[in-house]
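Peer 1: let's see this in three dimensions:
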Amino acid sequence: MSGVSVDHGDGAYAWDRSIWLWDSYFAVVWAATLVFVLGTDFPGWHTRAVGAALLVPLAPWYVLVGRPILKGEPPDERRALGYLVGCLAELDRSDVTDLSSPPPPYPPPLERSREWG
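Peer 2: Just a heads-up that it's a prediction; the model follows:
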């Protein structure tokens, strides 16, 4: 989107005016995900607690790493990529925390889907 100019009337881009909208968005999505993880009936409580515990570090990770990237001028693309990789690595750990649970339902194999359609 470089080279695109939009006049907002007050001369400032939404990014430049305030970061509280991004902070609020992160907080709402993080809290909703935590409620979703803890509020479901399946899998068992232990697995849900581990999943919730893995979400907790994402809040300080955002405050310490993500937020400064958003406020940086100019934005540092390498640090932003590192932030996303850190988030994905944290969430990836949640996939292997409880191997005793049955796997989630996946789409049917390609051969079987051909029979259906």
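Peer 1: tell me the buried residues in stretch 77-88?
Peer 2: Residues of stretch 77-88 classed as buried under the neighbour-count rule (16 or more other CB atoms under 10 Å) are Tyr83, Gly86, Cys87. For the C-beta atoms, the positions are set from N, CA and C on the backbone; glycine is no exception.
Peer 1: and Leu88, how far from Gly44?
Peer 2: Taking CB to CB, to the nearest Å as the measure, Leu88 and Gly44 are separated by 25 Å.
Peer 1: same check, this time on Tyr83
Peer 2: Relative to Gly44, Tyr83 is positioned 32 Å away (criterion: CB to CB).
Peer 1: can you check Leu38 too?
Peer 2: The gap separating Leu38 from Gly44 is 12 Å, by CB to CB.
Peer 1: in JSON lines, list the buried residues of stretch 77-88 along with distance to Tyr25, pLDDT and secondary structure.
Peer 2: Shown next, in JSON lines, are the buried residues of stretch 77-88 (distance: CB to CB, whole Å; pLDDT from 0 to 100; DSSP: H, G, I helix; E, B strand; the rest coil):
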{"residue": "Tyr83", "distance to Tyr25": "15", "pLDDT": "89", "secondary structure": "helix"}
{"residue": "Gly86", "distance to Tyr25": "18", "pLDDT": "90", "secondary structure": "helix"}
{"residue": "Cys87", "distance to Tyr25": "14", "pLDDT": "86", "secondary structure": "helix"}
